[in-house]
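[1] could you work out the structure for the sequence below:
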Amino acid sequence: MRVVDDDGLIIPDYMWEEMKQIIPKPFDDHPLKCHNPRMDDRKVMDAIFFVLRTGCQWQALDYTNICKHSVAHKRFQEWTEAGVFEKFWEKGLLMYNEVKGIDWKWLSLDGAMTKSPLGGKKNRSKSD
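    Reported below is the predicted structural model:
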């Protein structure tokens, strides 16, 4: 169930307080400092989480009235490069460990390496 507050925001206040500490401060590199005002980080994060939760395409954001897809995608790329989501994930794990506890003794890893069924022809010569 999605909880939306009076301002139409999806991220709960307690979660946003943790997230906004991780988000890097923006800088205006325009010589005249005349860029359009930056869209609110919280609304953009709502849009990013909407895409990640639903699996919709970025362009579909334009029809949700959360924010424009171009703004959300650009900020997603900025924040991914800055490690925001990784830091938030780590913080979430630590918080969950404090509340519920994580059994770190039991871990599992799964993987497979096979040929692609539709890999096509090889474009290299055989070695002797």
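
[2] quick one, longest helix in the protein?
    Counting residues, the longest helix found in the chain (DSSP state H) is helix 84-99.

[3] which SSE is immediately downstream of the lowest-mean-pLDDT helix or strand in the chain?
    Least confident helix or strand of the chain, by mean pLDDT, DSSP states H and E, is helix 13-20 with a mean of 86. Towards the C-terminus, the helix or strand next in line after helix 13-20, according to DSSP states H and E, is helix 41-54.

[4] can you give me the buried ones in that following helix?
    42, 43, 44, 45, 46, 47, 48, 50, 51 (16 or more other Cβ atoms under 10 Å). Where C-beta positions appear, they are placed from N, C-alpha and C, glycine not excepted.

[5] next one: stretch 83-90
    By neighbour count, and taking 16+ other Cβ under 10 Å as the criterion, the buried residues in stretch 83-90 are 84, 85, 87, 88.

[6] what's the closest non-adjacent residue to the second one?
    Here the nearest residue to residue 85 in space, its sequence neighbours aside, is residue 79; by Cβ to Cβ, 6 or more residues apart in numbering that works out to 6.5 Å.

[7] got it, and residue 96?
    Nearest residue to residue 96, sequence neighbours excluded (Cβ to Cβ, 6+ apart): residue 102, at 6.5 Å.
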